[in-house]
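1. got a structure for you, letters missing:
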């Protein structure tokens, strides 16, 4: 019998949802055939991406929390925080 961890399954579902939203947005841009609306849709995707990234990381960390040391857990959270800071930092 095939077994998949609950945390992994939820992460996969979030990534499938994220990919489906991206494909739907591309279809919508194509269908609307308007550059201003396409920019609006694209900027909306820029808000969804980091949210999915944070949620899937949190779910993944919760799934392995009992398998890693507290120090490694802190380093992972620090790394994710630095990635988000680097991506979202506006000069």
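-> Everything's here; your move. The structure displayed is predicted, hence computed values, not measured ones. Numbering: from 1, shown residues only.

2. longest helix of the protein?
-> Longest helix in the chain, counting residues (DSSP state H): helix 35-64.

3. show me what it is packed against.
-> Judged by 3 or more Cβ pairs under 8 Å, 6 or more residues apart in numbering; DSSP states H and E, the packing partners of helix 35-64 are helix 6-32, helix 70-88. C-beta: built from backbone N, CA, C; applies to glycine.

4. contacts for the shortest one?
-> Residues from elsewhere that reach helix 70-88 (Cβ atoms under 8 Å, 6 or more residues apart in numbering): 50, 53, 54, 57, 61, 65, 68.

5. worst mean pLDDT across the helices and strands of this protein, which element?
-> helix 70-88 (a mean of 85; mean pLDDT, DSSP states H and E).

6. chain center to it, what's the gap?
-> 14 Å (Cα atoms, centre = their mean, to the nearest Å).

7. between helix 35-64 and that helix, find me the angle.
-> When axes from the mean of the first three to the mean of the last three Cα atoms, to 10 degrees is applied, the directions of helix 70-88 and helix 35-64 differ by 180 degrees.

8. pull out the buried positions in helix 70-88.
-> The neighbour-count criterion (16 or more other Cβ atoms under 10 Å) identifies no buried residues in helix 70-88.

9. do stretch 26-35 as well
-> residue 29.

10. show residues contacting that stretch.
-> With contacts defined as Cβ under 8 Å, 6+ apart, stretch 26-35 is touched by 37, 38, 41, 42.

11. can you give me how far it is from the chain middle?
-> With Cα atoms, centre = their mean, you get 23 Å for stretch 26-35.

12. pLDDT at residue 90, what is it?
-> Residue 90 carries a pLDDT value of 62.

13. re earlier: now the contacts of stretch 26-35: which count as buried?
-> 38, 41.

14. which element is residue 68 on?
-> According to DSSP states H and E, residue 68 maps onto no helix or strand at all.

15. let me fix that, I meant to ask about residue 3.
-> Following DSSP H and E, there is no helix or strand that holds residue 3.

16. do you know how far it is from residue 14?
-> Using Cβ to Cβ, to the nearest Å, we find residue 3 at a distance of 20 Å from residue 14.
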